[in-house]
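Sequence plus predicted model, see below.
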Amino acid sequence: MAYTGDDKILLDGLKSGLEESYEKLFMTYYAQLVVFAQKMLGDEDLSRDMVQDVFVMFYEKRKELNIHTSLKSHLYQTVRNRCLNQIKRTQIRRDHHADMFVDKKRQEAEFEDKMLETELEARIFNVVVSLPKQCRRIFEMSRYEGVTNQEIADKLSLSKRTVETQISKALKRLRNKLKDHVDVALFFVLWLMS
């Protein structure tokens, strides 16, 4: 990923010690980095601690930062490396075998897949939470809770046709908002089929 003008402004702000720059960085990436770490570690508390440590380290070493990729890529890579180190330590403690890193290409592919999956989920989530209240509730019941259209209609005292219309509106909004992202569109199609 390329180094952007926004990255430069944010990085310059961080190096100058501007609290606003650090807060913006934290608010933008903290939640998705925790989800990313949790996918690797399977432990939410450990993931939160690790991501917080990365942000603390990032702040403490802000004047020495020399980033050639995007800030986002740098943060993801740093969290990934910390997770791999944690997995390695855990594995060594458990069975004293360090051969879990043999297939580096597979790990790289898994890293890319998890990063992509996290970003796609974040994009879809942002669209879903922007839906009107009733439309969002119906969509969440249908797609996240696996409730049938008729059951949704019964629970919410609506007609089945109204439920179908609301789901259709939600899907249309998702398609429109995500149409420029080929990777999202593919994920979205697969997600709807599941």
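Thanks, I have it.

Now name the helix or strand holding the residue nearest to the spatial centre of the chain.
What sits nearest the mean C-alpha location of the chain, by CA atoms, centre = their mean, is residue 118, with 3.0 Å. In this assignment (DSSP states H and E), residue 118 forms part of helix 104-129.

after that helix comes which helix or strand?
Beyond helix 104-129 in the direction of the C-terminus, DSSP H and E gives the next helix or strand as helix 133-143.

what's the offset of the next helix-or-strand element following that next one from the middle of its chain?
Later in the chain than helix 133-143, the nearest helix or strand by DSSP H and E is helix 149-156. The gap between where helix 149-156 is centred and where its chain is centred comes out at 31 Å by CA atoms, centre = their mean, to the nearest Å.

just the helices in this protein please.
All helices of the chain, identified by DSSP state H, fall at 5-15, 19-41, 44-60, 71-95, 104-129, 133-143, 149-156, 160-178, 182-193.

Where among those is average confidence lowest?
Among the helices of the chain, helix 182-193 carries the lowest mean pLDDT, a mean of 50.

coming back round to it: please report how far the residue nearest to the centre of the chain lies from residue 111.
Separation of residue 118 from residue 111 (CB to CB, to the nearest Å) stands at 11 Å. (C-beta placed from N, C-alpha, C; glycine too.)

Which segments of this structure make up each domain?
Per automatic domain parsing, the structural domains of the chain span 1-102, 106-194.

who's in contact with residue 45?
Residues in contact with residue 45, defined by CB atoms under 8 Å, 6 or more residues apart in numbering, are absent; none qualify.

make that residue 42, sorry
Listed by CB under 8 Å, 6+ apart, residue 42 has no contact partners.

circling back: quick check: the closest residue to the residue nearest to the centre of the chain other than its chain neighbours vs residue 162, distance?
Closest residue to residue 118 apart from its sequence neighbours, by CB to CB, 6 or more residues apart in numbering: residue 36 at 4.8 Å. Counting by CB to CB, the gap between residue 36 and residue 162 amounts to 38 Å.

Identify the residues contacting residue 30.
Residues near residue 30 by CB under 8 Å, 6+ apart: 51, 55.

if I look at it, how far off is residue 155?
35 Å.

swap in residue 121?
Going from residue 121 to residue 155 by CB to CB gives 26 Å.

And the pLDDT for residue 194?
Among the per-residue scores, residue 194 holds a pLDDT of 44.

Find the nearest non-adjacent residue to the most far-flung residue of the chain relative to its centre, please.
Ranked by distance from the centre of the chain (CA atoms, centre = their mean), the top residue is residue 159, with 35.3 Å. Leaving aside its sequence neighbours, residue 159 sits nearest to residue 153 (CB to CB, 6+ apart; 6.0 Å).
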